[in-house]
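A.B. asks: No letters, just coordinates:
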Ligand SMILES: NC(=O)c1ccc[n+]([C@@H]2O[C@H](COP(=O)([O-])OP(=O)(O)OC[C@H]3O[C@@H](n4cnc5c(N)ncnc54)[C@H](O)[C@@H]3O)[C@@H](O)[C@H]2O)c1
Ligand SMILES: O=P(O)(O)OC[C@H](O)CO
């Protein structure tokens, strides 16, 4: 007898688990609590208590009132009755957290933006490495957590290979101010989020070193060409890279001081070294960790990413003037595949 696959519906995902009680995990929990139950897991007891008792997250979103229906916990076992898991853990910590959750068939919706430094894997590749048979989705797009948590409107890409899971998750997570668009291109959605963080550092450098508005637009445009080349080499679709998770998020992060990556770059451009900033910064700045591994993977794929390399050089301590001179004195070339 053929086994009938159960068709997933939004109701099936009534109870959502969220891993990571930082700014993005908390904002996503607020979104997911609109239509159903949410359990939010974090590792810091004082934050868990503050969310459950005072309905605030004092360290990460201090000005936001968190919906009372959200239950926070520091016990991973408390996520056992959730039917899908949103994962909002920094990329470099993703593997250690995924290794602690059971290997079952509940979909993972990956919400981190980065590449694992050691393996060179995108988040969806890393998750598939640990759970080869599990449905993996990527949620990515222009989403400052502080705006999402205040229910200011935005739209995101929700990418998953399995059509019924994708459709059900979209219905479950869509609220009047948070509009997911479906895609099957998991790699494309992953690439956009990871690469835009590095390019946002570049735009921050432009602002900090006062290189002008023209320079910023040129970095966004040429940076997008790099994102495109890298994505295509990994099998991403061009339409995903020009969508919310690619160009959409690139434009957002390259033009706002709300971005931690942009702000880090701005300080670099003002002359504060990586080391000086590390002493003071407690916030997650994914592009700093993604830049060198992105450069490594791109070199392996023979994909040219001069702006990404420039950011690596700046992080290693080279001056803005010297990096800029090298970038601008490269041989003249055609735009995209056009040959001079
Ligand atoms: N904040 C945003 O606006 C936003 C929006 C979209 C995507 N993202 C992405 O979401 C991911 C998480 O970023 P964030 O903004 O929430 O960072 P954050 O700095 O606000 O919070 C990070 C959270 O991860 C937890 N954490 C760190 N190491 C951990 C470990 N080993 N085990 C368990 N928990 C650990 C911290 O305790 C904290 O709760 C990043 O990849 C980021 O690019 C962030
Ligand atoms: O603060 P950033 O630079 O990590 O950006 C946050 C989000 O990724 C914006 O979409």
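C.D. replies: Thanks, I have the structure now. As the structure is a computational prediction, the values presented were derived from the model and not from experiment. Ligands and ions are numbered 1, 2, ... in the order given.
A.B. asks: Which secondary structure element is home to the closest residue to residue 9 other than its chain neighbours?
C.D. replies: Nearest non-adjacent residue to residue 9, counting by Cβ to Cβ, 6 or more residues apart in numbering: residue 168, 5.2 Å away. All C-beta atoms are positioned from the backbone trio N, CA, C, and that covers glycine. Using DSSP states H and E, residue 168 maps to helix 163-173.
A.B. asks: and the helix or strand following that helix with helix 163-173, angle?
C.D. replies: For helix 163-173, the following helix or strand on the C-terminal side (DSSP H and E) is strand 178-183. Orientation of strand 178-183 against helix 163-173 (axes from the mean of the first three to the mean of the last three Cα atoms, to 10 degrees) gives an angle of 170 degrees.
A.B. asks: buried stuff in strand 178-183?
C.D. replies: 178, 179, 180, 181, 183 (16 or more other Cβ atoms under 10 Å).
A.B. asks: Nearest to ligand 1 among these?
C.D. replies: Set against ligand 1, the nearest of those by Cβ to the nearest ligand atom is residue 178 (12.1 Å).
A.B. asks: Contacts only, for the closest residue to the closest one other than its chain neighbours.
C.D. replies: Leaving aside its chain neighbours, residue 178 sits nearest to residue 31 (5.0 Å; criterion: Cβ to Cβ, 6+ apart). Applying Cβ atoms under 8 Å, 6 or more residues apart in numbering to residue 31 gives the contacts 148, 173, 175, 178.
A.B. asks: now swap in residue 274 and tell me
C.D. replies: Neighbours of residue 274 in contact, by Cβ under 8 Å, 6+ apart: 268, 288, 315, 316, 317.
A.B. asks: Show me the residues you listed that map onto helices.
C.D. replies: Mapping the contacts of residue 274 onto helices (DSSP state H) picks out 268, 288, 315.
A.B. asks: Next, format those as TSV and append pLDDT, distance to ligand 2 and neighbour count.
C.D. replies: TSV is the format used below for these (pLDDT from 0 to 100; distance: Cβ to the nearest ligand atom, whole Å; neighbours: other Cβ atoms under 10 Å):
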residue	pLDDT	distance to ligand 2	neighbour count
268	96	14	24
288	97	10	25
315	96	15	22
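A.B. asks: Spatially nearest residue to residue 297 (excluding sequence neighbours)?
C.D. replies: Computed as Cβ to Cβ, 6+ apart, the closest residue to residue 297 that is not its neighbour in sequence is residue 120, at 4.7 Å.
A.B. asks: quick one: that neighbour and ligand 1, what's the gap?
C.D. replies: Per Cβ to the nearest ligand atom, to the nearest Å, residue 120 is found 16 Å from ligand 1.
A.B. asks: distance of residue 74 from ligand 2?
C.D. replies: 24 Å.
A.B. asks: ok, that residue touching residue 49?
C.D. replies: No. The criterion here is Cβ atoms under 8 Å, and residue 74 misses it with residue 49 at 9.3 Å.
A.B. asks: List the contacts of the spatially closest residue to residue 253 that is not a sequence neighbour.
C.D. replies: Residue nearest to residue 253 in three dimensions, not counting chain neighbours: residue 200, with 3.8 Å by Cβ to Cβ, 6+ apart. The neighbours of residue 200, taking Cβ under 8 Å, 6+ apart as the test, are 250, 253, 254, 259, 261, 262, 265, 287.
A.B. asks: just how off-centre is the helix or strand hosting residue 200 within its chain?
C.D. replies: Assigned by DSSP H and E, residue 200 belongs to helix 186-208. On the basis of Cα atoms, centre = their mean, to the nearest Å, helix 186-208 sits 10 Å off its chain's mean C-alpha point.
A.B. asks: Out of the buried residues of strand 178-183, the closest to ligand 2 would be?
C.D. replies: residue 178 (12.8 Å).
A.B. asks: Tell me the confidence at that closest one?
C.D. replies: The model reports residue 178 with a pLDDT of 98.
A.B. asks: Out of the ones in helices among the contacts of residue 274, the closest to residue 58 would be?
C.D. replies: residue 288 (25.1 Å; Cβ to Cβ).
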